[in-house]
Each structure stands twice: as structure tokens, then as C-alpha cells.
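S.K.: Structure, please.
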Amino acid sequence: MNVSPQVPQVPQVPQYPPYAAQPSYLPYPYPYPEPVASPAPSPAPEPVPAPAVARTVRTERQGPVLHIELDSPATGNAVTSAMLDELLAVLAVPDPAVRVIVLSGAGRDFCLGGDRDELFAGLDQDPTGGGIRNYGEKARRVCDALTNSSAVTVARVQGRATGAGFALALACDLRVGADNAVFRLPELALGLPVAWGGLLPRLLHEVGAARVREIILTSRPVGAVEARELAILQRVVPEQDLDGAVAEWVRPVTRRPEAALRVTKTLLASHAAATRLADASVLDAELMASVLAAAHYTRGLAAQPPAH
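M.R.: Just a heads-up that it's a prediction; the model follows:
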């Protein structure tokens with residue numbers, strides 16, 4: 001007897017309605033929306049270049065000779081804090097291969113002194129004179145670097161060398177001036193002390209106390225011929241011959257044995273410093289700041305309306 005095999009019953013799967021009928025189960029409606037393309041990234045902005053810093057000192061190397069030029073003729077090469085920074089960057093780390101440093105000024109004048117507008121603007125920001133102290137300390141370091149350099153330093157002077165310009169020239173070993181060179185210290189007439197870069201002790205040593213007193217107290221100009229008589233200059237030539245006079249000094253100096261030249265420069269600087277019984281140049285910055293701060297304060301009081 002044949003028995004038909006039992007076919008197992010497959011349970012019926014319930015039929016669910018389409019997804020569109022069950023919106024509560026889906027995070028998005030059906031059908032899904034077409035993907036939206038992301039917007040193209042904006043191009044990166046072009047970098048804005050930093051403003052160029054105006055240079056006030058130009059340097060040129062010619063073999064063992066380094067030429068340093070104060071290069072702000074529109075201001076008469078007035079010495080600003082930025083100019084002192086540039087000079088220090090060159091002088092504070094000397095190159096042993098440099099045998100001679102020539103310091104000159106662009107334009108009609110060697111240097112008309114410190115930038116008084118900058119000094120008084122600094123007092124508006126700090127009435128105690130902190131900015132002036134910083135400026136004065138940099139001035140002393142620059143002049144000391146010129147005097148104590150292992151290289152022979154030469155000042156090439158034309159036109160006016162006033163105040164700080166006088167100090168920069170006097171800090172050099174050798175000084176040649178054009179016949180139109182004029183030196184002047186107007187500080188006292190301007191209500192300032194002669195306290196810039198160690199000028200006073202150098203001037204007393206080179207010229208002598210009696211003549212220095214007269215030059216400072218009268219604030220009178222000293223022409224090229226008198227400057228040579230006083231040893232402020234060692235040589236005076238027509239302006240067109242300045243470069244030739246500098247070259248006449250540079251040629252023999254660069255031929256000297258390097259070690260002997262370096263030791264001789266050190267000896268000369270040491271003996272010159274020893275003759276200064278009391279070198280108070282370290283106080284220059286403090287003296288300048290104190291006097292200017294007091295003057296600034298007095299002007300402020302005078303500008304106030306009278307009390308009623």
C-alpha cells in the first residue's frame with residue numbers, strides 16, 4: 001500500500017504594507033532624497049605680506065673692508081631706535097675677516113643727531129622715560145662696539161655732524177672730514193645733557209677739558225679746520241676727495257698681520273680707557289631719561305588750565 005509522503009506546511013509570512021505606508025519606522029521618507037553635492041571649498045585667502053621695514057643702514061662688504069652707511073638722507077640720518085638696532089646687528093657680532101670698518105652718512109650731512117620727535121613720543125607713552133633709557137643704552141653699546149672693535153674703524157664725515165652724529169664719528173679710530181664738515185653739540189641749548197653714547201669722556205680724552213667746556217657751554221659750531229686742530233678730525237680734504245683719503249688709510253691697514261693688528265687695537269683702546277679717571281658713560285641713558293622726563297612733566301603742568 002503506497003503512502004504519500006507528508007509535505008510539511010510552510011507557515012505563511014504575513015505581508016506587510018510597503019515602506020511608504022510605515023513612515024514612523026524610517027528616519028527619512030521613502031524614497032530617499034537624492035544626495036546633495038557639498039559646495040566646493042572656498043579658495044584659501046592669499047597671504048597678506050608683512051609691510052616692509054624701512055632700512056636706515058646700508059652695508060657693503062669689499063674684501064676685508066666693511067662699509068656701513070647711515071642711509072636716511074631725508075631726515076639728515078637722524079638716529080632712531082631702529083637705526084641703532086640695525087647698527088648693533090652689524091657691530092655686535094663682528095666678522096673676524098673684517099679688518100676695516102668705514103662709517104659714513106648718505107646725502108649732504110653725516111648725521112644731524114638723535115631723533116627728538118621719537119624721544120618725546122616715547123615720553124608720551126612712558127612718562128618715566130623707560131623708552132629713552134632703552135634708546136640710550138643701545139647708543140652706548142653702538143659707540144662702544146665702534147671703539148672696541150678688533151677692526152680699525154674709520155669715520156667719513158661730510159656736512160654736519162651734530163649731537164649723536166658727533167658721538168658716532170668720535171667713537172671711530174680714524175676720522176677724515178670734508179672741508180665743509182661742521183661739528184656741533186647743541187644739547188645744552190635744547191635743554192638736554194651731553195649724555196649720548198659715551199661722547200663726553202671720549203671728547204675730554206681726545207680734545208681736552210678746557211676746549212670741551214667752551215664747545216659745550218656755548219653750543220657753537222666747530223668747522224673742519226678747527227676740528228683738525230682739536231683732533232676731532234685727523235685729516236681734512238675737499239669733499240670729492242673723501243673716498244680717496246679713506247682708501248689711503250685702508251690700504252696699509254689691510255696689509256698688517258691680523259694678530260698684531262688685533263692686539264694693537266686692544267692695547268690702544270685699553271690705554272685710552274685708563275686715562276679716563278671716571279667714565280660715567282654708563283649713566284648716559286639714565287641722565288638723558290631723567291632730564292627729558294622732568295622737562296616733559298614741567299611742560300604738561302604748564303599746559304594745564306589755571307585752577308579757579
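
S.K.: Tell me where the model's unsure across the chain.
M.R.: Filtered on pLDDT under 70, the chain yields the residue ranges 1-53, 274-308.

S.K.: Now do the helices in it.
M.R.: Counting by DSSP state H, the chain has helices at residues 81-91, 116-125, 130-148, 164-170, 199-207, 209-218, 224-229, 242-255, 258-274, 284-303.

S.K.: which one is the spatially most central residue of the chain nearest to, not counting chain neighbours?
M.R.: For the chain, residue 85 is the residue whose C-alpha lies nearest the centre (CA atoms, centre = their mean; 2.2 Å). Using CB to CB, 6 or more residues apart in numbering and skipping residues adjacent in sequence, the residue nearest residue 85 is residue 138, 7.0 Å away. Backbone N, C-alpha and C define where each C-beta goes, glycine included.

S.K.: so residue 234 touches residue 173, yeah?
M.R.: No - contact criterion CB atoms under 8 Å: residue 234 and residue 173 do not qualify, at 9.3 Å.

S.K.: These two: which has the busier surroundings?
M.R.: residue 173 (21 against 16; other CB atoms under 10 Å).

S.K.: That one and residue 125: what is the separation?
M.R.: According to CB to CB, to the nearest Å, residue 173 and residue 125 sit 37 Å apart.

S.K.: Surely the residue nearest to the centre of the chain is in contact with residue 137?
M.R.: No - between residue 85 and residue 137 there is no contact under CB under 8 Å: 11.9 Å.

S.K.: sorry, back to before: right, so of the helices of the chain, which gets closest to residue 107?
M.R.: Ranking those by proximity to residue 107 (CB to CB) places helix 164-170 first, at 12.1 Å.

S.K.: rewinding a little: enumerate every residue touching the residue nearest to residue 85.
M.R.: Contact partners of residue 138, counting by CB atoms under 8 Å, 6 or more residues apart in numbering, are 81, 84, 85, 88.

S.K.: ok, the second one - how many residues close by?
M.R.: Burial of residue 84 is recorded as 24 neighbouring residues (other CB under 10 Å).

S.K.: is it true that it touches residue 135?
M.R.: Yes - the criterion here is CB under 8 Å, and residue 84 meets it with residue 135 at 7.0 Å.

S.K.: hang on, the earlier thing: I'd like the helices of the chain as TSV, with distance to residue 100 appended.
M.R.: Formatted as TSV, the helices of the chain follow (distance: least, CB to CB, whole Å):
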stretch	distance to residue 100
helix 81-91	13
helix 116-125	31
helix 130-148	12
helix 164-170	16
helix 199-207	20
helix 209-218	28
helix 224-229	21
helix 242-255	5
helix 258-274	10
helix 284-303	27
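
S.K.: Of the ones you listed, which stretch is the most buried?
M.R.: With neighbours defined as mean count of other CB atoms under 10 Å, the helices of the chain peak in mean count at helix 164-170, which reaches a mean of 28.

S.K.: How much space separates residue 144 from residue 170?
M.R.: 12 Å.

S.K.: what does residue 261 give?
M.R.: In this view, residue 261 and residue 170 are 21 Å apart by CB to CB.

S.K.: same check, this time on residue 157
M.R.: In this view, residue 157 and residue 170 are 10 Å apart by CB to CB.

S.K.: Over to residue 210?
M.R.: Relative to residue 170, residue 210 is positioned 18 Å away (CB to CB).

S.K.: Next: residue 155.
M.R.: Residue 155 sits at a distance of 8 Å from residue 170 (criterion: CB to CB).

S.K.: for residue 124, same thing?
M.R.: Residue 124 sits 31 Å away from residue 170, taking CB to CB as the criterion.

S.K.: what do you get for residue 88?
M.R.: Counting by CB to CB - residue 88 and residue 170 are separated by 18 Å.

S.K.: For stretch 54-65, buried residues please.
M.R.: Counting neighbours by 16 or more other CB atoms under 10 Å, one finds that the buried residues in stretch 54-65 are 56, 57, 64, 65.

S.K.: Just give the closest residue to the third one, not the sequence neighbours.
M.R.: What sits nearest to residue 64 in space, not counting adjacent residues and going by CB to CB, 6+ apart, is residue 99, at 4.0 Å.

S.K.: How about the contacts made by the one you found?
M.R.: The contact partners of residue 99, by CB under 8 Å, 6+ apart, come to 64, 65, 151, 152, 253, 254, 256, 258, 261.

S.K.: ok, the residue nearest to residue 228 when sequence neighbours are not counted - contacts?
M.R.: When the adjacent residues along the chain are set aside, residue 228 lies closest to residue 236, with 5.0 Å between them (CB to CB, 6+ apart). By CB under 8 Å, 6+ apart, the contact set of residue 236 is 176, 177, 178, 179, 181, 224, 225, 227, 228.
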